[in-house]
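[1] Next one to model:
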Amino acid sequence: MFLTLKEVMERYKASKSSVYRWADDPNDPFPQSGVVGGRCKRWLITDLEAYDQIVLARGMRSNSQPRRSRTAR
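    Okay, the predicted model is just below:
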């Protein structure tokens, strides 16, 4: 089963830019999206579930939510 960007955003209570930033961060195991027909990006639910397990095992975040990185202000 695949999830849309909107569904991933709802799952992790995150913005679109946060989801893409996590996916592009080489130090974060957040899964990359796959392209389904042309330009539609989707995430495999099994990849997200595996990510949640990694997060829980490492104790990286509470509630299996990706960390919100703080930028210098």
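[2] next one: stretch 3-10 to chain centre, how far?
    Put simply, stretch 3-10 sits 9 Å off its chain's centre (Cα atoms, centre = their mean, to the nearest Å).
[3] can you check stretch 26-39 too?
    Here stretch 26-39 is found 9 Å from its chain centre; the criterion is Cα atoms, centre = their mean.
[4] all helices of the chain, in order?
    Counting by DSSP state H, the chain has these helices, from start to end: 5-12, 16-24, 45-58.
[5] mind listing what the nearest residue to Ile54 once chain neighbours are set aside touches?
    Nearest residue to Ile54, sequence neighbours excluded (Cβ to Cβ, 6 or more residues apart in numbering): Pro29, at 5.1 Å. Using the backbone N, CA and C atoms, a C-beta is placed for each residue, glycine as well. Listed by Cβ atoms under 8 Å, 6 or more residues apart in numbering, the contact partners of Pro29 are 51, 54-55.
[6] mind giving me a markdown table with the helices of the chain and columns for mean neighbour count?
    As requested, those are exported to a markdown table (neighbours: other Cβ atoms under 10 Å):
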| stretch | mean neighbour count |
| --- | --- |
| helix 5-12 | 15 |
| helix 16-24 | 15 |
| helix 45-58 | 14 |
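[7] For Ser27, give me its contacts.
    I think there's a mix-up here, since residue 27 is Asn and not Ser. Taking Cβ under 8 Å, 6+ apart, one finds nothing in contact with Asn27.
[8] Wait, Val19 touches Tyr12, no?
    Yes. The pair Val19 and Tyr12 passes the contact test of Cβ atoms under 8 Å, sitting 7.1 Å apart.
[9] Would you mind finding the longest strand in this structure?
    Using DSSP state E to define each element, the chain has its longest strand at strand 40-44.
[10] Show residues contacting it.
    With contacts defined as Cβ under 8 Å, 6+ apart, strand 40-44 is touched by 1-5, 8, 31, 33-36.
[11] Between these, identify the one with the most neighbours.
    Neighbour tally across the contacts of strand 40-44 (other Cβ atoms under 10 Å): the maximum, 22 neighbours, falls on Val8.
[12] Quick one: mean pLDDT over stretch 33-49.
    For stretch 33-49, the mean pLDDT works out to 93.
[13] Quick one: end-to-end distance for that stretch.
    Start and end residues of stretch 33-49 are separated by 14 Å (Cα to Cα, to the nearest Å).
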